[in-house]
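Chemist: Kindly generate the corresponding structure for this input.
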Amino acid sequence: MAGISFKRHRFPPDVIRQAVWLYFRFTLSLRDVEDLLAERGMDVSYETVRCWAEKFGRSIASNIRRSRPRPGSVWHLDEMVVRIRGKRMFMWRAVDDEGGVLDVLVQKRRNKHAALRLLRKLLKRQGYVPDHFVTDGLLSYGAALETLRCRRRHRPGRLRDNNRAENSHLAVRRRERKMQRFKSQGQAQRFASVHASIYNLFNVQRHLISRSTLRTFRANAVDGWIVASAAAA
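Modeler: Down below sits the predicted model:
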């Protein structure tokens, strides 16, 4: 796991890590993070928080992805509409059978070419082909999987069969409202990619586990964050 260099920054690494964690972990605006740090006696502007999030967020997310175990053998694919500068775009998403986000791709189209681009990126990053691809009724998935010779692994179904992917969109939709929509396709892609990795680290289905298990999970997640955002020696 690669260490992160915090050199030539006026604030210590702990303050920077805290600001980045607050911004990506909770549904907070940049000014909300500024106020929370000010309450702790740290005079940091919201623009500084934005620069920290862009600079260090990707490095931390990359370390988190490298440390995650191999995902399950069933992948759920879905896409949602996002409005960017008045134009309709699509945020394509793939999650595993436990709800962990595998990849996110913001594209202008909702066709075979767009589905094929997501699948190729996904297969290259994960390094293996799952047992099943679960999707909704969009025909673009079937056409793309036919091109990749994975049609027999395709399981198109009704909307409720793909709830894993549908529910995964909710966290990003909340952030989209808080940010008053994304400003560009590139900004949406950068934010969604980093947010997905950090969301995976702290995501847990609380209604399915005991309180003691939740405490253990939280401690492990915090330890994972500290390791992923550790300064270079």
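
Chemist: List the contacts of the residue nearest to the spatial centre of the chain.
Modeler: Geometric centre of the chain, nearest residue: Ala196, 1.0 Å, by Cα atoms, centre = their mean. By Cβ atoms under 8 Å, 6 or more residues apart in numbering, the contact list for Ala196 reads 61, 101, 103-104. Glycine gets a C-beta too; all of them are placed from N, C-alpha and C.

Chemist: before we move on, what about Arg125?
Modeler: Contacts of Arg125 by Cβ under 8 Å, 6+ apart are 102-103.

Chemist: So which bits of whichever helix or strand it is part of are buried?
Modeler: Here Arg125 sits within helix 112-126, counting by DSSP states H and E. Burial within helix 112-126, assessed by neighbour count using 16 or more other Cβ atoms under 10 Å, is assigned to 112, 114-116, 118-119, 121-123, 126.

Chemist: Sort out which residues of the helix or strand the residue nearest to the centre of the chain falls within are buried, please.
Modeler: Counting by DSSP H and E, the element that carries Ala196 is helix 185-202. Buried residues in helix 185-202, counted by 16+ other Cβ under 10 Å: 185, 188-202.

Chemist: Contacts for the longest helix along the chain next, please.
Modeler: Using DSSP state H to define each element, the chain has its longest helix at helix 46-67. The set of residues external to helix 46-67 that reach it, using Cβ under 8 Å, 6+ apart, is 1-2, 4, 16-17, 19-20, 23-24, 29-31, 33-34, 37, 190, 193-194, 196-198, 200-201, 224-225, 227-229.
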